[in-house]
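> turn this into a structure:
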Amino acid sequence: MAGMKNVKYGIEFNPGTFDSVTQIGRILPEVRARALGWVGARGAELLYDSFLRGQAIFLRSKRDRKGRRTVSYSVGSRAETVSISSYPMNLFEYGRKLRSGRRESGKHVITGKFRALMNSKLQTLVDAFDAKALDEIIANVEKDITSGK
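Numbers count the residues shown, from 1 in each chain. Below is the predicted model of the structure:
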């Protein structure tokens, strides 16, 4: 083994291959954020269509008189969570005191019915994101890689 003393083994990367690994590393947080945004947007639509169009309460539009959204979603920090909310629903969620002095019981839409509905639809929403948006993102990354960006 004395003759093997000065032998070196090296790997030469194709610059395009290395760039693609770097790009995929950069894109993963964006993909996660986009997936959560997709689920949040579809969940907000589901909340409005399923519970706020006359079922639990009736909202005439998705915006109030001041132009604020009545149903919204937000992606949490570091794209780990998504929150879906409806500020008019806050008035009815846990009950309220009526003008007559009686107490109206809570609707428990967000914490009960909507949560169960979202749990049942979550896999379908993720599959829809995978079928539509993820293919588009991957195509854009491949286009950037081949164009040398």
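> average pLDDT across the one helix or strand residue 119 maps to?
Assessed by DSSP states H and E, residue 119 sits inside helix 115-129. Averaging pLDDT along helix 115-129 gives 84.
> go on, stretch 103-112?
When pLDDT is averaged over stretch 103-112, the result is 84.
> please save the CA atoms from that stretch in PDB.
Below are the C-alpha coordinates for stretch 103-112, written out as PDB (Å, rounded to 0.1, in the frame of the first residue of the first chain):
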ATOM      1  CA  ARG A 103     -78.600  34.900  27.100                       C
ATOM      2  CA  GLU A 104     -78.300  33.300  23.600                       C
ATOM      3  CA  SER A 105     -76.300  30.000  23.600                       C
ATOM      4  CA  GLY A 106     -73.100  29.800  21.600                       C
ATOM      5  CA  LYS A 107     -73.100  28.500  18.000                       C
ATOM      6  CA  HIS A 108     -69.700  26.800  18.400                       C
ATOM      7  CA  VAL A 109     -69.100  26.900  14.600                       C
ATOM      8  CA  ILE A 110     -65.400  27.600  14.500                       C
ATOM      9  CA  THR A 111     -64.400  25.400  17.500                       C
ATOM     10  CA  GLY A 112     -66.800  22.600  16.700                       C
END
